[in-house]
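>>> my questions are about this predicted structure, shown below with the sequence.
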Amino acid sequence: MPIRANAGGAPPEDLVKADWSVNAARNLASNPPSLDAVQNFYDRAFGVGGDGVWVCEFRFAKLRNSGNLSLITTVNPGGRQSPECNELDIFDRTPAGFELRTPDGSYGRDLANSVVDLNHDGRHELVLWADLASYATLSLFHYGLACGAEWPLIFAWTGSGYSDVSDQYKEYYRGYLKSVDA
């Protein structure tokens, strides 16, 4: 289910008022706003501020083929002090307002390599990560050591949400297995 994001006030570089269309004069994908502007948008969407949730990374991309770009963010729910930046949220501007979606069972990192056009059709998919096996964490001093196995999952817009469509990308996985086998 989509969560409606709160549109709140109007600060400088206001993403609520910005043109999110693919053909905008200032295309948000090729001419992105500041991280502060995205943080402000995120805080207003959730009605929070301060050190609650920290936007680590963001990217605008053509995910829904709706004429508008989507905003993909990785956030740190522990605030600035925590090293984890793997929660992923997707904001879409629709005629009814903003929708927020989070792909289930996966997390994001390194959006430069996670937002890809696997079909070479101008529409992007998300290569996200999921735990393949459980892991244990050992805390030494203030650092954690973790051991675990991860596997990439491919998510795409399917008309009603972002779904795992990994089974449609056998060639991607053949190439991935070759890259880890080397």
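It's in. Numbers count the residues shown, from 1 in each chain.

>>> give me the distance between the two termini of stretch 30-37.
Across its full length, stretch 30-37 reaches 16 Å end to end, with Cα to Cα, to the nearest Å as the criterion.

>>> run through the helices of this protein in chain order.
35-46, 111-114, 170-181 (DSSP state H).

>>> need the ones you listed in CSV with mean neighbour count and distance to Cys56, can you?
In short, each C-beta sits where N, CA and C put it, glycine included. Formatted as CSV, the entries for those read as follows, by neighbours: other Cβ atoms under 10 Å; distance: least, Cβ to Cβ, whole Å:
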stretch, mean neighbour count, distance to Cys56
helix 35-46, 19, 9
helix 111-114, 14, 9
helix 170-181, 10, 24
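
>>> mind putting the ones you listed in TSV, distance to Gly122 included?
Compiled in TSV, the helices of the chain are given as follows (distance: least, Cβ to Cβ, whole Å):
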stretch	distance to Gly122
helix 35-46	23
helix 111-114	17
helix 170-181	17
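
>>> which one of these lies closest to Arg59?
Arg59 lies closest, by Cβ to Cβ, to one member of the helices of the chain: helix 111-114, at 4.4 Å.

>>> quick one: contacts of the closest one?
With Cβ atoms under 8 Å, 6 or more residues apart in numbering as the contact definition, helix 111-114 has outside contacts at Glu57, Phe58, Arg59, Ile72, Thr74, Gly108, Leu126, Val127, Leu128.

>>> now with 10 Å?
Residues external to helix 111-114 that are found in contact with it (Cβ atoms under 10 Å, 6 or more residues apart in numbering): 56-59, 61, 72-74, 88, 108, 124-129, 152, 155.
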